[in-house]
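Visitor: need the 3D shape of this:
(one chain, ligands or ions: 2)
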Amino acid sequence: MKKSETIFVCQSCNFQSVKWLGKCPECGEWNSLVEERARKPARNGFALREVSAVAFNDIEPQDDLRVSSGVTEFDRVLGGGIVPGTLVLIGGDPGIGKSTLLLQVADRLSGASTVVFYVSGEESERQIKLRGDRLGVTAKNLYLLPETNLEKIFHEIDRLNPGAVIVDSIQTVFSSAIEAAPGSISQVREVAHKFLLLAKNRGVPVFLIGHINKEGSIAGPKALEHIVDTVLYFEGERHHNHRIVRAAKNRFGAANEVGVFEMTGTGLMPVANPSQMFLQERPQNAAGSIVSACMEGTRPLLVEIQALVSGTKYGTGRRMTQGLDQNRVSLLIAMLEKRAGLQLIGDDVFVNIAGGLEVDEPAADLGVVTAIASSFKNMPVDPHTAVFGEVGLTGEVRGAMQAAVRVKEAQALGFKKIVMPASNVAGLERLLGIRVVGVRSVDEALAELF
Ligand code: TYD
Ligand code: MG
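Guide: Numbering: from 1, shown residues only. Ligands and ions are numbered 1, 2, ... in the order given. The predicted model follows:
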């Protein structure tokens, strides 16, 4: 064997080396290099085709070609339905509902003239059938194949000529052209690449299910995200009944779009009014709770932010967050101490988003600040008041995008007052049933709220 035929590949960042190393010089991971056989040049190669550029104006818009998955919230998170020829990666913790969701989608997609092909390397036909019965799957044109060998899978695809393909999961499938273990970065990339070609050449959508490993990324992590068109992640915890699916990347729609589902005894049901769901267990007149009007993708979402401020048993107070960026919250706490005179240094401060949601936008700042102040002062905020706005380091309240959409969502859910950036108020003063109060600083906001 020639020396160059063996390479060592870092399973964490895909760094390649001709000799084994204990520590990856690229990402610093220990013991992550695994011996793999260098890939032989593909035999079918890339034959030179005649190519010619197309005029921009001659290209037909594709949007009307989208196909509904039959599951409204899944359509939404994809950007308005399934684009033919698209490769979608769906990631999430074990047991969160990936197989359930995709089996439901498979059921709805299959039809008289559409064969749906569901490959499972994780479960037997009987196990899938059992789940399908529970979900009320009746599809006549849904075909299951428990198989992990990529070449055998493609053989069946050639025979069945499906209109959609689901692979559960990408980590279990291996190509015999590569001498690496299933789930290794080279295998996962190779398999994903083959499905990409399938999707593009045949114009069928392919859904790859991927497990998230303990580091929180899909095995063969970043390597897959750039190969696929769309990356969807299940978010939050299994302990809640609802499930949130977020588009982390989407070549055919808005990133950050979320789909909200409820896990029931008969599968995942789309939640028509997520704001209502996230607020339904909200305590009334409790200090430390405030409703913030957030944007998740293109949709407004009212969420409850909770804070608990309590005297620390240690020297300096701890700051802990759930569903929010901890550094951002620390920064807001420092701002509250300096600009609003709240002495929090000897207190533990816990902040979370109720319902296991993750919020990652600066417009949630004012909600965080209000919740902390409310708990600190032990004074509840009026339950019919909502807030939003970015807070700067000098305590100024800055404008947020989509202000009108947020206010209208609060109005629709029966809120009577919204405290928001003064710079966003124009045009919203005359909305019926809700009083819009613009503020320029955190001081002004707190004066208005307490
Ligand atoms: P599953 O789709 O198998 O998760 P994943 O493929 O992401 O590992 O979901 C498994 C969980 O969902 C399991 O704990 C049972 C629950 N479940 C329901 O609550 N209702 C249902 O109708 C189904 C099919 C599953
Ligand atoms: Mg599964």
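Visitor: residues in the chain within reach of ligand 1, list them.
Guide: 92, 94-100, 131, 134-135, 263, 265-267 (C-beta under 6 Å from any ligand atom). Backbone N, C-alpha and C define where each C-beta goes, glycine included.
Visitor: list only those of those flagged as buried.
Guide: For the residues of the chain next to ligand 1, a burial check counting by 16 or more other C-beta atoms under 10 Å picks out 92, 96, 97, 98, 99, 100, 131, 135, 263, 267.
Visitor: what's the spacing between the closest residue to the last one other than its chain neighbours and residue 10?
Guide: Closest residue to residue 267 apart from its sequence neighbours, by C-beta to C-beta, 6 or more residues apart in numbering: residue 135 at 4.2 Å. In this structure, residue 135 lies at 40 Å from residue 10, with C-beta to C-beta, to the nearest Å as the measure.
Visitor: equivalent analysis for residue 432, please.
Guide: Using C-beta to C-beta, residue 432 is found at 60 Å from residue 10.
Visitor: ok, residue 171 next?
Guide: From residue 171 over to residue 10 (counting by C-beta to C-beta), the distance is 17 Å.
Visitor: what does residue 131 give?
Guide: With C-beta to C-beta as the criterion, residue 131 and residue 10 are 36 Å apart.
Visitor: and for residue 276?
Guide: Using C-beta to C-beta, residue 276 is found at 46 Å from residue 10.
Visitor: ok, residue 390 next?
Guide: Counting by C-beta to C-beta, the gap from residue 390 to residue 10 is 39 Å.
Visitor: so between the two, which is more surrounded?
Guide: Set side by side, residue 390 and residue 10 show more neighbours around residue 10, with 22 against 17, by other C-beta atoms under 10 Å.
Visitor: just the pLDDT for the closest residue to that one other than its chain neighbours.
Guide: Spatial nearest neighbour of residue 10, chain neighbours left out: residue 24 (4.3 Å); criterion: C-beta to C-beta, 6+ apart. What the model reports for residue 24 is a pLDDT of 86.
Visitor: quick one, phi psi at the residue of the stretch 201-350 of the chain at minimum distance from ligand 1?
Guide: Closest to ligand 1 within the stretch 201-350 of the chain is residue 267: 4.2 Å, counting by C-beta to the nearest ligand atom. Backbone geometry at residue 267, expressed as degrees, to the nearest 10, gives phi 100, psi -170.
Visitor: check contacts around the closest residue to residue 302 other than its chain neighbours.
Guide: In space, and not counting its chain neighbours, residue 302 is closest to residue 275: 4.0 Å by C-beta to C-beta, 6+ apart. Applying C-beta atoms under 8 Å, 6 or more residues apart in numbering to residue 275 gives the contacts 300, 301, 302, 303, 409, 413.
Visitor: and those residues as JSON lines, adding pLDDT?
Guide: Formatted as JSON lines, the contacts of residue 275 follow (pLDDT from 0 to 100):
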{"residue": "300", "pLDDT": "94"}
{"residue": "301", "pLDDT": "94"}
{"residue": "302", "pLDDT": "96"}
{"residue": "303", "pLDDT": "95"}
{"residue": "409", "pLDDT": "94"}
{"residue": "413", "pLDDT": "92"}
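Visitor: please identify which of those residues is nearest to residue 442.
Guide: residue 303 (19.7 Å; C-beta to C-beta).
Visitor: list the residues that contact that closest one.
Guide: 275, 278-279, 291-292, 294, 353-355, 357, 359, 364, 367 are the contacts of residue 303 under C-beta under 8 Å, 6+ apart.
Visitor: mind checking how far residue 180 is from residue 16?
Guide: Distance from residue 180 to residue 16, by C-beta to C-beta: 12 Å.
Visitor: now do the shared contacts for those two.
Guide: Common contact partners of residue 180 and residue 16 (C-beta under 8 Å, 6+ apart): residue 9.
Visitor: quick check: closest non-adjacent residue to the residue most central in space within the chain.
Guide: Nearest residue to the geometric centre of the chain (C-alpha atoms, centre = their mean): residue 246, 2.6 Å. Leaving aside its sequence neighbours, residue 246 sits nearest to residue 258 (C-beta to C-beta, 6+ apart; 4.9 Å).
Visitor: what does residue 17 give?
Guide: residue 8 is the one closest to residue 17 (C-beta to C-beta, 6+ apart), at 4.8 Å.
Visitor: list the contacts of the residue nearest to residue 10.
Guide: So, once contact is read as C-beta under 8 Å, 6+ apart, residue 24 ends up touching 10, 12, 13, 15, 30, 32, 33.
Visitor: looking at those, which is nearest ligand 1?
Guide: Within the contacts of residue 24, proximity to ligand 1 (C-beta to the nearest ligand atom) peaks at residue 12, which comes in at 23.0 Å.
Visitor: need the contact list for the closest one.
Guide: 24, 27, 29, 32, 221.
Visitor: tell me the domain ranges of this protein?
Guide: Following automatic domain parsing, one finds the domains of the chain at 5-12+14-38, 65-272, 277-449.
Visitor: by mean pLDDT, show me the worst of those domains.
Guide: domain 5-12+14-38 (a mean of 82).
Visitor: where exactly do the helices run in the stretch 51-200 of the chain?
Guide: Counting by DSSP state H, counting those that start in this stretch, the stretch 51-200 of the chain has helices at residues 72-77, 98-109, 125-135, 150-160, 185-202.
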